[in-house]
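In: okay, predicted coordinates and the sequence, questions at the end:
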Amino acid sequence: MRKKNTVAWTPGTTARPVPGAGRRVTSYDVALLAGVSQSAVSRCFKPGASISPATQAKVMQAAIRLDYIPNAAARSLITRRSNLVAVIISNLANLYYPQALSDLSQQIARLGKRLLLFTLEREADIGKVLSDVWQYQVDGAVVAAGLSDEQMLEFGRRDVPLVLFNRSPREHAVHAVLCDQGEAARLLVSRLAEAGHRQFAVIDGPGDSAVAQERKAGVLDRLFTLGLPAPIVVSGNYDYASGGRGLRKVIDRLGRVPDAVICGNDIMAIGCLDTARHQMGIQVPLQMSVAGFDALEASGWLSYDITTLRQPVQKMATDAVAMLGELMERRGGNAERRRYCSYLVEGSTARLTSEPQRFGMMAAA
């Protein structure tokens, strides 16, 4: 085995030692090479910390020479912060969440933190992942799933700032960003009814999805107010197969093709549309209108061109993380709820009247 050459170094000499292979470079090595304190090195790698340009230049030159990478785990021991933000979502809520996750990740990174993703098979499974969330000692959490009062209190007891994403806490004082799903559904029904639709059907989302249930409730409420027949409601699972299966169940129960089918999300609307056109010979929208929610990218493809509702996901993600950042810095304060507009995307799958395309009002509560 070949012996490693070592170089001794004492203050005042020009040559500086470069750690050999096999040993992790530390901030102390960088400080030694740059001729600054270890705390100055730490400030250089802390977003927003005060450091002079000259000192930062020396530290960065030394860090590049030594191939230094800050140790996040060690830094968390010093700052008592993990620099992790938990994001909890349901796998079934596949609607717009790829975009939402991308937007959330970018905004969280701007806070100098990293997103730690927890996914649920169903929203009702959230209790199973909370113990993992606590183990990582996250600095905060954005939760796009239903929480019980006890679970929300647990966040407060552990001093973990919480913002709900597209979920409305009915009684508990929790920060939240959300769209009014019920109002969007009511106005969608109004547009369809004004265009002459009378017999509606609903392909519902999962029973434990708060968003799905708010959408269904909005449809039922508006139909009742308009004095129209009660819709045929069948259960779905937010997936493609649910759309086609749901349409067949609707027709079996009704004995004919409904005037309009409102699906709990775009994936089910696409499944419903494919089944109607390619397996059942139903002309859409001449014989039956189809509408969904969430404005998935695929819903705008030429083969589908779904009539759907778009939520301002990027704005919601930006505001959710900004709200969480304020909570992590100052804690406490009155709970704030921000509501946003949904926009109707007038595709070719539904007959609509030419009414305004904006649903809901933005407000802070």
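Out: Done, it's in. Since we're looking at a predicted model, the values are computed, not measured.
In: and the helices in this structure?
Out: 27-34, 38-44, 53-66, 72-79, 97-110, 126-135, 149-157, 181-194, 210-226, 240-254, 266-274, 313-330 (DSSP state H).
In: ok, of those, where does mean pLDDT dip lowest?
Out: Mean pLDDT is lowest for helix 72-79 among the helices of the chain, at a mean of 49.
In: picking that back up, looking at the helices of the chain, which is nearest to residue 165?
Out: In terms of C-beta to C-beta, the element of the helices of the chain nearest to residue 165 is helix 313-330, at 5.4 Å. Every residue, glycine included, has its C-beta placed from N, CA and C.
In: and the contacts of that closest one?
Out: 85, 96, 99-100, 103-104, 107-108, 110-111, 139-142, 161-163, 165-166, 175, 177-179, 333, 336, 338, 340 (C-beta atoms under 8 Å, 6 or more residues apart in numbering).
In: go again with 6 Å.
Out: If you take C-beta atoms under 6 Å, 6 or more residues apart in numbering as the criterion, helix 313-330 is touched by 96, 99-100, 103-104, 107-108, 111, 139-140, 142, 161, 163, 165, 175, 177, 338.
In: cool, and stretch 239-249?
Out: 203, 234, 236, 267-268, 271-272, 275.
In: pull out the buried residues from that stretch.
Out: By 16 or more other C-beta atoms under 10 Å, the buried positions in stretch 239-249 come out as 239-240, 242-247, 249.
In: closest one of the residues you listed to residue 287?
Out: residue 247 (12.2 Å).
In: how far away is the closest one from residue 215?
Out: 17 Å (C-beta to C-beta, to the nearest Å).
In: try residue 109
Out: 32 Å.
In: and those two? Which one has more around it.
Out: The neighbour count for residue 109 versus residue 215, taken as other C-beta atoms under 10 Å, is higher for residue 215 (26 against 14).
In: ok, the more buried one touching residue 183?
Out: No - with contact defined as C-beta atoms under 6 Å, residue 215 does not count as touching residue 183 (10.3 Å).
In: what sits against residue 181?
Out: Here residue 181 is in contact with 211, 214-215 (C-beta under 6 Å, 6+ apart).
In: for the residue nearest to it when sequence neighbours are not counted, grab the count of nearby residues.
Out: With C-beta to C-beta, 6 or more residues apart in numbering as the criterion, residue 181 has its nearest non-adjacent residue at 3.9 Å, and that residue is residue 214. Around residue 214 sit 21 other residues, with neighbours defined as other C-beta under 10 Å.
In: most neighbours per residue, which of the helices of the chain?
Out: Among these, helix 266-274 has the highest mean neighbour count (mean count of other C-beta atoms under 10 Å), at a mean of 27.
In: ok, residues contacting that helix?
Out: 203, 236, 240, 242-244, 247, 261, 263, 290, 292, 294, 296, 299, 304, 306, 308.
In: just checking, which of the residues you listed belong to strands?
Out: If you go by DSSP state E, these have 203, 261, 263, 290, 308 in strands.
In: the last one: neighbour count?
Out: Using other C-beta under 10 Å, residue 308 has 28 neighbouring residues.
In: hmm, it is touching residue 343, no?
Out: No - with contacts counted by C-beta under 6 Å, residue 308 stays clear of residue 343, the gap being 9.6 Å.
In: thinking again about what came up before, ok, so of the contacts of stretch 239-249, who is nearest residue 49?
Out: Looking across the contacts of stretch 239-249 and measuring by C-beta to C-beta, the closest to residue 49 is residue 267, at 45.3 Å.
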